[in-house]
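> Sequence and predicted structure, then a few things I'm wondering about:
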Amino acid sequence: MTKPLAGVRIVSVEQFGAAPYGSMFLADLGADVIKIENRESNGDPARRTGPYFLGDNDSQYFQTWNSNKRSVALDLKSAEGFEQLERLIASADAVMNNLRGDKSAKLKLDYKHLSRLNPAIVCLHISAYGRDNERAAWPGYDYLAQAEAGLMGLTGDPDRPPTRLGPPSIIDHMTGLTAMTGLLSGIIQARSTGTGCDVDTCLFDVALHQLGYAAIWYMNEGYVPARLPRSAHFSVAPVQTFPTADGWVFIMCMTDKFWHALVDTLGNDAIRKDARFSTAAQRVEHREALTQVLDGEFRGKSTEQWLGVLGGVLPIAPVYGLADALDSPFVQNKEMISTLDHPERGQMRVLANPLKVNGKRLSQKVCSPMGADTDAVLSSQAVRTSK
């Protein structure tokens, strides 16, 4: 399969999560992503993040975000190293970094400095707080953005402390994908006009943007949604978890259609006739009573039985732990797990890219060992003189 981004070259000065996750999508889609690693510090620190290592300078943590990339090791503090980087940028469509907000200009990785080498270059900057404010020099991480942007305040049960979102790097991932939207938009513009640009995003802005309609409600109506038990929806019921005979399910009756489908399936006339549940507004007002009634119903069957009864009738999902989620036959049937060859590990299982092209999963391979592609990429055959 010819991948959609074949022929696109991206040079990425990146480490850890946000930029590597985003550039991995580009690499999986066929772009030539050249990962620049600091030769003097032995590369991306993610290579040495445990507990599961793959040889001397690689780890499963690192490979999570770096499939299909080539690794070039440079000393960017030396004149020779920066000259080598400039040669690569001169032949690239884009250069990206996830440095601290004050660093990219100091390292001359912005459009002002690089346009002299390549007027069509797109310069993508991912930082913690952005490059144009009083926090440009601040370091930052995913969890800090969740905390300050209000996401933790909306997460968890009401009688418990604020809680970060469950996935370990969700804001990193969202920032990486947001950044890729900007980067590809810049490339499209540059290919039609010959002029590149700077594109910026940051962890904090992306985290704040995830507040969605909760932010709109507050800014326009002064309404602050409260945390609710059972991960319930702020304004619709029943949309929450329910206990089954052997586990939990999540039910989402977002419309009257699905509410009536649930009541019809349950066949409980008392629920059907109860005035407290007759309208969407009434169900929200009497959420606690509704929960008690439905708890009694859902405890009567196993999770699998409820999936068999309600699956395809209304929105329902089992509430799984990580092991059950990954071992699910549905995940296996969807081919969302790939097996890759690793020079140290042998076979290694990874999550497949969630995109398909012409109905097929994107091929993947592990990222090269640190600096393994330096000579090939820097050779006169590999460094293109023009695009």
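Noted; the coordinates are in hand. Source: prediction; values computed, not measured. Numbers count the residues shown, from 1 in each chain.

> Which SSE is immediately downstream of the longest helix belonging to the chain?
Identified as the longest helix of the chain according to DSSP state H is helix 170-193. Once helix 170-193 ends, the next helix or strand along the chain (criterion: DSSP states H and E) is strand 197-202.

> where are the low-confidence patches of the protein?
380-387 (pLDDT under 70).

> And it, split by domain according to the record?
9-210+348-378, 229-243+248-318 (automatic domain parsing).

> how about residue 143, phi and psi?
Here is the backbone geometry of residue 143 (degrees, to the nearest 10): phi -60, psi -30.

> what sits against it?
Residues near residue 143 by CB atoms under 8 Å, 6 or more residues apart in numbering: residue 164. (C-beta placed from N, C-alpha, C; glycine too.)

> Run the chain-centre distance for the longest helix of the chain.
13 Å (CA atoms, centre = their mean, to the nearest Å).

> Give the helix, strand or coil label for residue 165.
Classification of residue 165 by DSSP: H, G, I helix; E, B strand; the rest coil places it in coil.

> wait, residue 34
Secondary structure, three-state DSSP: residue 34 is strand.

> pretty sure it is touching residue 8, no?
No: Residue 34 is not in contact with residue 8 according to CB atoms under 8 Å; the separation is 11.4 Å.

> which one of the two has more residues nearby?
A count of neighbours by other CB atoms under 10 Å puts residue 34 above the other of residue 34 and residue 8, at 26 against 22.

> And the more buried one, how far from residue 61?
Distance, residue 34 to residue 61, using CB to CB, to the nearest Å: 21 Å.

> so where do the helices sit in the stretch 101-250 of the chain?
Per DSSP state H, counting those that start in this stretch, the stretch 101-250 of the chain carries helices over the ranges 103-106, 111-114, 142-148, 170-193, 203-209, 213-221.

> right, and these - which one's nearest residue 83?
helix 111-114 (13.2 Å; CB to CB).

> Restrict that closest one to CA atoms and write it as CSV.
Provided in CSV are the C-alpha atoms of helix 111-114 (Å, rounded to 0.1, in the frame of the first residue of the first chain):
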residue,chain,number,x,y,z
TYR,A,111,10.5,30.3,10.8
LYS,A,112,12.3,33.6,11.2
HIS,A,113,15.7,31.8,11.2
LEU,A,114,14.9,28.8,9.0
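
> from the middle of its chain, how far away would it be?
The mean C-alpha position of helix 111-114 is separated from the chain mean by 29 Å, CA atoms, centre = their mean.

> quick one: secondary structure of residue 86?
Counting by three-state DSSP, the backbone at residue 86 sits in helix.

> For it, give me its contacts.
Applying CB under 8 Å, 6+ apart, the residues near residue 86 are 114, 117.

> how far away is it from residue 6?
25 Å.

> Could you do residue 102 as well?
35 Å.

> Please enumerate the strands of the chain.
In the chain, the strands defined using DSSP state E lie at 9-13, 32-38, 70-74, 94-97, 122-127, 197-202, 239-243, 248-252, 316-318, 337-342, 346-351, 356-357, 360-361.

> from what I can see residue 246 touches residue 303, true?
Yes: in this structure, residue 246 is within contact of residue 303 by CB under 8 Å, at 6.0 Å.

> Settle it for me: which of those two has more neighbours?
residue 303 (21 against 11).

> Just to check, the more buried one is in contact with residue 251?
No: using CB under 8 Å, residue 303 makes no contact with residue 251, being 11.8 Å away.

> Just put the helices of the stretch 101-250 of the chain in TSV and tack on distance to residue 78.
Listed next are the helices of the stretch 101-250 of the chain as TSV, based on distance: least, CB to CB, whole Å:
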stretch	distance to residue 78
helix 103-106	16
helix 111-114	17
helix 142-148	32
helix 170-193	27
helix 203-209	30
helix 213-221	46
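
> How about the contacts made by the spatially closest residue to residue 13 that is not a sequence neighbour?
Using CB to CB, 6 or more residues apart in numbering and skipping the chain neighbours, the partner closest in space to residue 13 is residue 97 (4.2 Å). Neighbour list for residue 97: 12, 13, 14, 19, 103, 104, 107, 109, 124, 125, 126 [criterion: CB under 8 Å, 6+ apart].

> now do residue 119
Per CB under 8 Å, 6+ apart, neighbours of residue 119: 194, 195, 196.

> Among those, name the buried ones.
Buried members of the contacts of residue 119, scored by 16 or more other CB atoms under 10 Å, are residue 196.

> Could I get the contacts of residue 119 in CSV, plus columns for distance to residue 334?
Below are the contacts of residue 119 laid out as CSV (distance: CB to CB, whole Å):
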residue, distance to residue 334
194, 42
195, 42
196, 38
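
> closest to residue 180 among the contacts of residue 119?
The shortest approach to residue 180 among the contacts of residue 119 belongs to residue 196, at 16.0 Å (CB to CB).

> hang on, the closest one packs against residue 112?
No: assessed by CB under 8 Å, residue 196 is found out of contact with residue 112, at 11.1 Å.
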